[in-house]
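[1] Structure for the following, please:
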Amino acid sequence: MSFNAGYLFLQKIYSLLGLPSICKKIKKDNAFTYDLNAILSRLVYGRILFPSSKLSCFEQSKELLEQTEFDLHLIYRALSVLADNSDFIQAELYKRSKKLVKRNTGVLFYDCTNYFFELKHEDGLKQYGPSKEHRPNPIVQMGLFMDKSGIPLAFCINPGNQNEQLSLKPLEQQIMRDFELSKFVVCTDAGLSSDANRRFNNFGEISFITTQSIKKLKRSLKEWCLDCKGWQLEGSKKAYDISEIEDTPENRNRIFYKQMLVEGYDEERDIAFDQTLIVTYSLKYKLYQQTIRERQIERAKKYLQHPAQYDKHSVTDAKRFIKKTPVTNDGEIAEKAAYELNINAIEEEAKYDGFYAVCTNLDDDPAEIAMINHDRWEIEESFRIMKSEFDARPVYLHRDDRIKAHFLTCFISLMIYRILEKQLDSSFTCEEIINTLRKMNVRKVGEYGYIPNYTRTELTDAMHDNAGFRTDNELTTPKAMAEIIRRSKGL
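    From the prediction side, this is the model:
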């Protein structure tokens, strides 16, 4: 028989995070007799090793070295308990994780995404909303806070039809209350940077950095952002004209910037509300945007060859460069609409190539602020891991409490993975780590013990060194394996 031993490396972190004692505390405060820790641990390991439905996870958990005894229906009971204690679990995980990895909570990144359901009707949290994947399914919205070290901090689940800007303040208040954090910088993208959210983070020792759409600025500010003169370069006192910058390898790696103080006032709090608008310009970013748009223009040209595709309900980026003319030159309704490339739209978008702007109430160096905002890619990577590697979508659960618990297990799985990644010095890709864990099987040879059924690699060596035990010996006796399991639990 073959068993997965990869979960032991996850179990080591799961145990060090104190999840067994957290489950014990929850059980003590509630009236149930089943083993909550056994269920939660299997849901977490399963989400990473063999992501699937709760039924499939229940069946595949039998492939782990340790066998647990609980019935399938108890998983669904446990989901309700986990949902009720979600805030408590998140707060405890933060406190205990600080003993495992260095957590940089001076900067907190926040973003939202949505997850779809294989359903056709709305109910509870499952609501029709603006799907980022353009799917005609009900969705829920997930908000996620991540610290600057790349470790998830807290999450929330909201109805799919809720404006994502409304999700920031409640979760931030939860962090301040349960995590006892009072000094940090909140970094968001433009979609979450409402005026109300900026004002909320303009008080005490809380600050904000948010992406700013240049296109949506007032005309005077937009013209200032796009003005070629008055640009600076870190370490230089010279004023640059970006229209005169030659396209050289050296200049492609330079980031030019300028800043402007935009004064304001918060009447509700009776305090100043000044923001610094920082705009950067990069030749590399300009060339990247041009390349992306050229590909989209080529796709738009293909749509022109098959105009019927343009009228389909799903809208792609390339279609914004197509102009539909439903009338003739005389202003009469045409029998057949005409389609052509929208040259004006293409030229208008090209004006912004290479430019990127942020707003902040910090007085720090503009280059440092720009670098902080650049690190937002890690939270986007976290969403990708949950959706792709952890297969968190589509969601098949129906009850709101079970839906929340499902995402709690995804959140815990993400935290465990991220900690493992940090412990391995970020030397391996997500795909390498997860695929290796999934393939780390050992075969039981009668009563003699276990032999590895996987290939030893630099990554498996690194994981063994980090965990402090080895599963890749030529033969591991039952007694030695029992000791490995015990050590994986921190016992």
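[2] hey, which helix or strand in this protein has the poorest pLDDT?
    strand 333-341 (a mean of 71; mean pLDDT, DSSP states H and E).
[3] What are the buried residues along the very next helix or strand once past that strand?
    For strand 333-341, the succeeding helix or strand toward the C-terminus, using DSSP states H and E, is helix 343-350. Judged by neighbour count (16 or more other CB atoms under 10 Å), helix 343-350 contains these buried residues: 346, 349. Heads up, the C-betas are built off the backbone N, CA and C, glycines and all.
[4] and after helix 343-350, which helix or strand comes next?
    strand 355-360.
[5] Summarise which helices and strands that next one is packed against.
    Using 3 or more CB pairs under 8 Å, 6 or more residues apart in numbering; DSSP states H and E, the elements in contact with strand 355-360 are strand 205-212, helix 219-226, strand 275-281, helix 366-374.
[6] That strand: how far from the chain's middle?
    Distance, stretch centre to chain centre, for strand 355-360: 21 Å (CA atoms, centre = their mean, to the nearest Å).
[7] Export that strand to PDB, keeping only CA atoms.
    In PDB, the C-alpha atoms belonging to strand 355-360 read as follows (Å, rounded to 0.1, in the frame of the first residue of the first chain):
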ATOM      1  CA  PHE A 355       2.800  56.400 -16.500                       C
ATOM      2  CA  TYR A 356       1.700  55.100 -13.100                       C
ATOM      3  CA  ALA A 357       0.300  57.100 -10.200                       C
ATOM      4  CA  VAL A 358      -0.300  56.600  -6.500                       C
ATOM      5  CA  CYS A 359      -1.900  58.800  -3.800                       C
ATOM      6  CA  THR A 360      -0.700  58.800  -0.200                       C
END
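[8] okay, the angle between it and strand 275-281?
    160 degrees (axes from the mean of the first three to the mean of the last three CA atoms, to 10 degrees).
[9] hmm, who's touching strand 355-360?
    Residues from elsewhere that reach strand 355-360, judged by CB atoms under 8 Å, 6 or more residues apart in numbering: 193, 198, 207-214, 217, 225-226, 262, 275-282, 285, 369-370, 373.
[10] Could you pick out the buried ones from the residues you listed?
    193, 198, 207-212, 214, 217, 225, 275-282, 285, 369-370, 373.
[11] For stretch 170-177, list every residue counted as buried.
    So, applying 16+ other CB under 10 Å, buried residues of stretch 170-177: 171-172, 174-175.
[12] Using TSV, please lay out the helices and strands packed on strand 355-360 together with distance to Thr360.
    Formatted as TSV, the helices and strands packed on strand 355-360 follow (distance: least, CB to CB, whole Å):
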stretch	distance to Thr360
strand 205-212	4
helix 219-226	15
strand 275-281	5
helix 366-374	6
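[13] any chance of these in TSV, with mean pLDDT and distance to Ile13 too?
    Below are the helices and strands packed on strand 355-360 laid out as TSV (pLDDT from 0 to 100; distance: least, CB to CB, whole Å):
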stretch	mean pLDDT	distance to Ile13
strand 205-212	95	30
helix 219-226	96	45
strand 275-281	95	38
helix 366-374	85	28
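[14] Identify whichever of these lies nearest to Glu234.
    helix 366-374 (4.5 Å; CB to CB).
[15] what's that closest one packed up against?
    strand 183-188, strand 205-212, strand 256-262, strand 275-281, strand 355-360.
[16] Among the ones you listed, which comes closest to Ser236?
    strand 256-262 (9.9 Å).
[17] Who are the packing partners of the closest one?
    So strand 256-262, by 3+ CB pairs under 8 Å, 6+ apart, packs with helix 219-226, strand 232-233, strand 275-281, helix 366-374.
[18] For it, which outside residues touch it?
    221, 224, 230-234, 240, 242, 245, 274-282, 359, 366-367, 370.
[19] Thanks a lot, see you next time.
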